[in-house]
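>>> Dropping the sequence and predicted coords here.
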Amino acid sequence: MSQIQHTEVQNKKTRIIGYDVARSLAVFGMVIVNYKVVMGASENGPAWLVWFAGLFDGRAAATFVILAGVGISMLSSKGRISQDQARIRRDRKMLLKRAVFLFVVGLLYTPLWPADILHFYGVYIAIAALLLTVSDRQLWAGAIALIVAFLLLVFIFDYEVGWDFATLTYLDFWTLAGMGRHIFFNGFHPVIPWLAFIFIGMWLGRQDVKNSQLRKKILWVSISAAAVAETLSFILLKSFPGENGIIFATEPIPPVPLYIIAGTGTAIAIIMLCLELTFRYPKAQIFSPLVSTGQLALTLYVAHVVLGMGFLEMIGRLENQTLEFATLSAAIFTILAIIFSYYWRKRFQRGLLEWVMRKVTS
């Protein structure tokens with residue numbers, strides 16, 4: 001085994017808590033985005049809060065998906081590095097089982113939460129499982145191909161088919177054609193191009209992020225990419241106002257190239273900052289509750305709808321609210337989630353749904 005390979009194997013032996021911290025921040029962003037949308041509060045607030053809450057649109061979800069790609073690479077690193085075919089097959093089989101689990105749970109969850117991402121995760125992970133051993137260059141080539149393919153599809157097909165954008169409802173989801181279109185082309189997080197986030201995350205999960213110089217390089221490249229994408233979008237939208245300029249937006253719907261670049265840059269910058277802080281201050285107590293929260297992300301994803309939105313609906317405060325109330329609700333849920341996660345992890349190794357998934361797919 002080469003020195004580089006030996007170093008990578010060594011790096012995988014200890015959990016890198018910076019990834020968990022980044023995932024916990026994505027939980028907060030996810031809750032803000034979903035609460036403001038459900039409450040119809042996206043624009044119903046002061047300009048500064050509209051701007052602040054808008055920062056999370058599509059970025060929290062992109063961070064989650066990139067981190068999923070990181071996890072896939074870290075989980076399968078030993079077999080990939082050693083070229084142990086038996087281990088690679090075991091890793092692939094386990095990932096495929098998790099993919100089926102998430103896809104089925106996501107479909108069952110969709111009637112309650114139409115914007116579900118779990119069934120998309122199922123497809124992402126299934127495809128990633130088949131590509132565990134591809135090279136870094138092939139991962140980037142695949143990501144670029146997906147970004148370009150989506151742009152071509154937008155020009156060839158009607159992106160709005162199946163949608164009632166006034167209510168954010170997908171009308172024919174439960175038909176074969178509608179579900180296929182929703183999953184692969186024009187759903188909330190379609191495989192084309194969202195799978196690019198998984199590929200980029202898989203690449204990131206292969207990097208020696210314990211190397212401070214590499215972390216700084218990735219951080220500045222990601223910040224630069226996000227800044228360039230946002231600047232280009234601003235200029236081009238001014239030049240091509242209205243529907244003609246939608247292909248230059250950095251909003252998640254539709255996920256056009258500048259959005260993918262901006263989302264990737266922002267997500268990786270956040271992840272790198274979390275890694276930097278946790279490597280620099282490994283014993284800081286403030287990280288412990290955030291690590292626990294990041295490790296219970298699947299459980300909290302379901303809880304923020306079932307418990308959080310369920311409670312708000314029960315007291316009649318789920319619809320037609322102000323952005324201030326939506327943000328406050330998100331903050332309260334997040335604080336409670338952090339407290340719950342911290343004390344749960346003191347007693348149990350995994351979150352409830354995380355435990356169920358591992359039990360079912362082991």
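Okay, I see it. Note that the structure is predicted; figures quoted are calculated from it, not measured.

>>> Give me the contacts around stretch 335-349.
24, 27, 288-290, 292-293, 295-296, 300, 303-304, 351, 355 (CB atoms under 8 Å, 6 or more residues apart in numbering). Glycine gets a C-beta too; all of them are placed from N, C-alpha and C.

>>> hmm, which two among the residues you listed are most spread apart?
Across the contacts of stretch 335-349, no pair lies farther apart than S288 and H304, at 21.4 Å, counting by CB to CB.

>>> The two: who's more crowded?
Taking neighbours as other CB atoms under 10 Å, S288 and H304 compare with H304 leading, 21 against 15.

>>> ranges for the strands of this structure?
In the chain, the strands defined using DSSP state E lie at 163-164, 169-170.

>>> Parallel or antiparallel, which strands does the last one pair with?
Pointing back at strand 169-170 there. The pairing partners recorded for strand 169-170 under DSSP bridges are strand 163-164 (antiparallel).

>>> contacts for the strand it pairs with?
T169, Y170, L171, N186.

>>> what's the burial count for the second one?
Right, Y170. 21.

>>> Please apply the same query to the last one.
When counting by other CB under 10 Å, one arrives at 23 neighbours for N186.

>>> Let me know whether it touches G162 as I believe.
Yes - N186 lies in contact with G162 (CB atoms under 8 Å); the separation is 6.7 Å.

>>> Surely L168 and V38 touch.
No - look at L168 against V38 with CB under 8 Å: they stay out of range, at 9.4 Å.

>>> ok so, going back, please type out the PyMOL selection for whichever of the contacts of stretch 335-349 turn out to be buried.
To isolate the buried ones among the contacts of stretch 335-349 in PyMOL, judged by 16 or more other CB atoms under 10 Å, type:
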select buried, resi 24+27+289+290+292+293+295+296+300+303+304+351
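
>>> Closest one of the contacts of stretch 335-349 to N44?
Proximity of those to N44 (CB to CB) peaks at H304, which lies at 20.3 Å.

>>> Return the distance of T250 relative to Y124.
Here the criterion is CB to CB, to the nearest Å. By it, T250 lies 21 Å from Y124.

>>> Then L236?
Separation of L236 from Y124 (CB to CB) stands at 29 Å.

>>> between the two, which one's more packed in?
Higher neighbour count among L236 and Y124: Y124, with 26 against 14, using other CB under 10 Å.

>>> show me the contacts for that one.
Per CB under 8 Å, 6+ apart, neighbours of Y124: V65, A68, A99, V191, W194, L195, I198.

>>> okay, now the closest residue to M30 other than its chain neighbours: neighbour count?
Nearest in space to M30, with sequence neighbours left out and distances taken as CB to CB, 6 or more residues apart in numbering, is A60 at 4.5 Å. Residues contacting A60 under the criterion other CB under 10 Å number 25.

>>> Was I right to think A60 contacts R23?
No - the criterion here is CB under 8 Å, and A60 misses it with R23 at 10.1 Å.

>>> so what sits against both of the two?
When CB under 8 Å, 6+ apart defines a contact, no residue borders A60 and R23 alike.

>>> Distance to I81 added to the contacts of stretch 335-349, as a markdown table?
Formatted as a markdown table, these follow (distance: CB to CB, whole Å):
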| residue | distance to I81 |
| --- | --- |
| S24 | 29 |
| V27 | 31 |
| S288 | 30 |
| P289 | 33 |
| L290 | 29 |
| S292 | 29 |
| T293 | 30 |
| Q295 | 25 |
| L296 | 29 |
| L300 | 32 |
| A303 | 36 |
| H304 | 37 |
| G351 | 29 |
| W355 | 29 |
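
>>> now, among the contacts of stretch 335-349, which is nearest to V221?
V221 lies nearest to S24 out of these, by CB to CB, at 24.1 Å.

>>> That closest one and V291 touch, don't they?
Yes - S24 lies in contact with V291 (CB under 8 Å); the separation is 7.3 Å.

>>> contacting residues around G45?
With CB under 8 Å, 6+ apart, G45 has these contacts: A53, T322, L323, E324, T327.

>>> Now a PyMOL select for only the buried ones of the residues you listed.
A single PyMOL command is used to select the members of these judged buried by 16+ other CB under 10 Å:
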select buried, resi 53+322+323+327
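
>>> T231 is in contact with A262, correct?
No - at 9.8 Å, A262 does not count as touching T231 under the criterion of CB under 8 Å.

>>> Specify which residue of the two has the higher count of neighbours.
Neighbour totals were compared for A262 and T231, and A262 leads with 26 against 12 (other CB under 10 Å).

>>> re the thing from before, among the contacts of Y124, name the ones in helices.
If you go by DSSP state H, the contacts of Y124 have V65, A68, A99, V191, W194, L195, I198 in helices.

>>> neighbour-wise, which of the residues you listed leads?
Counting by other CB under 10 Å, top hit in the ones in helices among the contacts of Y124: I198 with 29 neighbours.

>>> show me what contacts that one?
I198 makes contact with V65, I66, A68, G69, I72, Y124, I125, I127, A128, according to CB under 8 Å, 6+ apart.

>>> now, the most widely separated pair of these?
I66 and I127, at 15.3 Å, using CB to CB across the contacts of I198.

>>> and these two? which has more neighbours close in?
I66 (29 against 15).

>>> ok, the more buried one to I88 distance?
From I66 to I88 the distance is 23 Å (CB to CB).

>>> and what of Q207?
The gap separating Q207 from I88 is 20 Å, by CB to CB.

>>> ok so, going back, just send the contacts of Y124 back as CSV, with distance to V221 too.
Below are these laid out as CSV (distance: CB to CB, whole Å):
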residue, distance to V221
V65, 19
A68, 21
A99, 30
V191, 26
W194, 21
L195, 21
I198, 19
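
>>> Great, nothing more from me.
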